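what follows is a predicted protein model with its sequence.
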Amino acid sequence: MRAWVSHPTPEPAVAVLEAAGLDVRVGGDAAGADGVLAHLIETIDEAFLDRVGPQLKVVANFAVGTNNIDVAACQARGVVVTNTPDVLTTAVAEHALALMLGAAKHIAEGDRMIRAGRWRGWSENQIQAVELRGKTLGIVGMGRTGQEFARMAETALGMRIISSRPLPLDELLAEADVVSLHVPLRPETTHLIGARELALMKPKAILLNIARGPVVDEAALAEALAHGTIRGAALDVFEQEPRVHQGLLTAENAVLSPHLGSATAETRSAMARLAAENVVSVLLGRGPKTPVSG
């Protein structure tokens, strides 16, 4: 049986696949593969499934989100879809914490100031940061990473936590000092945060997006940052990666991170192992370890 890996993947992915006796190909043509290990930048749709062929049994996504996969089309053909939950929860939550602190403390702005030679020494009012202790953190999407981020912020910083699970989104936006997005990308979450929602936020609030880029209307966010509708934003994901809205690139009050949420050696290795084990488990008839239901 053949396993196709869409892009170079951290070990032990290939080792796990080969140890199971699979013929592994990384990149190139996926035609004839029995199992696919796909990165989130690989689109798995009807056309892809047609190219691979009817022998395909499993698509294992090297990610938690599956917005790159037409899950219904796969399931209609009897193709199992899996993802990599749990193993990246800590890394993504830690990255959210870093982004929040970076935005609140103006770390990137200060770094640019020094590198550009604009720093003239200590001054009592050159940059005014935010103290997070006692502030309200609003979590939109209280899944694994949302819960872990909330725990970290409450434990380490003494922040008050509110969630969109019991609280209507509009109320959360109006109450929170920091709004953090952790929802999957679906039709109903596309542009979940736009001009109307940004206008509901406090003028000194910070928006974090470590979910998926299209959850936020980047053009509306750029306008809000430029006009002081909100204090700042920190983003790890973007609408049309790797392209970023020009208004965000020039915004001093935006912290931009190139989709690094799960980018730790420990997490990427665990993701690779789990994705590969899903391929092996399905192809050997044991069923998926972490199936996606649709």
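Ah, there it is.

leaving out chain neighbours, which residue sits closest to residue 179?
Among residues not flanking residue 179 along the chain, residue 138 sits closest, at 4.7 Å (Cβ to Cβ, 6 or more residues apart in numbering). In short, each C-beta sits where N, CA and C put it, glycine included.

wait, is that neighbour part of a strand?
Yes: judged by DSSP: H, G, I helix; E, B strand; the rest coil, residue 138 forms part of a strand.

go ahead and confirm it touches residue 172.
Yes: using Cβ atoms under 8 Å, residue 138 is in contact with residue 172, at 4.3 Å.

shared neighbours of these two, anything?
Common neighbours of residue 138 and residue 172, counting by Cβ atoms under 8 Å, 6 or more residues apart in numbering, are 162-164, 179.

distance from the chain centre to the strand or helix carrying residue 273, please.
Element membership for residue 273, per DSSP states H and E: helix 265-283. Mean-position distance between helix 265-283 and its chain equals 18 Å (Cα atoms, centre = their mean, to the nearest Å).

from here on, count from 137
Yes, from this point I'll number from 137; that puts the last item at helix 401-419.

what helices and strands are in contact with it?
helix 149-155, strand 171-174, strand 194-197, strand 216-218, helix 225-240 (3 or more Cβ pairs under 8 Å, 6 or more residues apart in numbering; DSSP states H and E).

buried sites along it?
403-419 (16 or more other Cβ atoms under 10 Å).

could you do stretch 208-221 as well?
Of all the residues in stretch 208-221, those buried under the rule 16+ other Cβ under 10 Å are 209-210, 215-221.

same question for stretch 381-389.
Buried-residue list, stretch 381-389, by 16+ other Cβ under 10 Å: 381, 383-384, 387, 389.

who touches it?
Taking Cβ under 8 Å, 6+ apart as the rule, stretch 381-389 contacts 239, 245, 248, 354-355, 357-359, 361-362, 367-369, 371, 374-375, 390, 392.

which ones among these map onto helices?
Taking DSSP state H, the ones among those that sit in helices are 239, 245, 248, 354-355, 357-359, 361-362.
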